[in-house]
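1. no FASTA, just this:
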């Protein structure tokens with residue numbers, strides 16, 4: 001069972017890394033369509049780059065819940081915790097290194113995305129194996145958190161707060177121009 005879970009989590013890491021990378025370009029490729037804006041980055045803001053981690057993890061969670069939910073009754077709560085940890089790592093690491101250097105470096109930005117992806121699935125694997133967060137109310141809370149994050153990412157793409165996390169450092173815009 002542990003080996004099967006490891007391969008599921010490795011698959012999730014690879015799926016998230018690959019799809020997240022593609023989603024960086026989907027909005028532009030679509031000609032700026034609203035459906036693409038809901039799932040892909042619409043600008044270079046840190047928030048939109050966090051969406052590149054969340055969306056693939058969310059889709060993977062749906063598949064995993066259907067196929068593994070019975071074996072891991074703590075899946076939804078654990079995934080909510082691990083995706084939140086991965087999402088938090090992106091701005092923490094990005095603003096820390098750019099604050100120290102005074103500029104950003106593209107390969108470091110890409111590395112941060114993959115580090116957050118790896119950290120999220122490593123935490124996920126660790127918590128799932130140990131059966132943590134398995135009560136029924138935690139699953140409901142986990143499901144609500146995942147759907148709340150999904151709503152938040154879509155909402156803030158179209159109505160972003162005027163805060164640095166949502167501002168495109170290249171154009172200075174917030175959300176969709």
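-> All right, it came through fine. Since this is a predicted model, take the numbers as computed values, not measurements. Numbering: from 1, shown residues only.

2. contacting residues for the residue minimising distance to the centre of the chain?
-> Closest to where the C-alpha atoms of the chain average out (C-alpha atoms, centre = their mean) is residue 54, at 2.2 Å. Residues in contact with residue 54 (C-beta atoms under 8 Å, 6 or more residues apart in numbering) are 83, 87, 149-150, 153. C-beta: built from backbone N, CA, C; applies to glycine.

3. With respect to residue 36, which of those is nearest?
-> residue 153 (13.1 Å; C-beta to C-beta).

4. Quick check: that closest one vs residue 119, distance?
-> 19 Å (C-beta to C-beta, to the nearest Å).

5. same deal with residue 12?
-> Where residue 119 is concerned, residue 12 sits at a distance of 13 Å (C-beta to C-beta).

6. Between these two, tell me which one has more neighbours.
-> When residue 12 is set against residue 119 and neighbours are counted by other C-beta atoms under 10 Å, the residue ahead is residue 12, at 23 against 17.

7. Quick one: residues contacting residue 164.
-> Here residue 164 is in contact with residue 46 (C-beta under 8 Å, 6+ apart).

8. Just confirm residue 168 contacts residue 160, I think it does.
-> No. Here residue 168 does not reach residue 160: they are 9.7 Å apart, not a contact under C-beta atoms under 8 Å.

9. Among the contacts of residue 54, which are located in helices?
-> 83, 87, 149-150, 153 (DSSP state H).

10. And the furthest pair within those?
-> Using C-beta to C-beta, these span at most 12.0 Å, a distance reached by 87 and 150.

11. These two: which is more packed in?
-> Neighbours were counted for residue 87 and for residue 150 using other C-beta under 10 Å; residue 87 has more, 20 against 16.

12. got a list of what that one touches?
-> 50, 53-54, 116, 120, 149.

13. how about these in CSV, adding secondary structure?
-> Formatted as CSV, those follow (DSSP: H, G, I helix; E, B strand; the rest coil):
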residue, secondary structure
50, helix
53, helix
54, helix
116, helix
120, helix
149, helix
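
14. Make TSV from the residues you listed and add distance to residue 110 to it.
-> As requested, the contacts of residue 87 are arranged in TSV below (distance: C-beta to C-beta, whole Å):
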residue	distance to residue 110
50	14
53	12
54	17
116	11
120	16
149	22
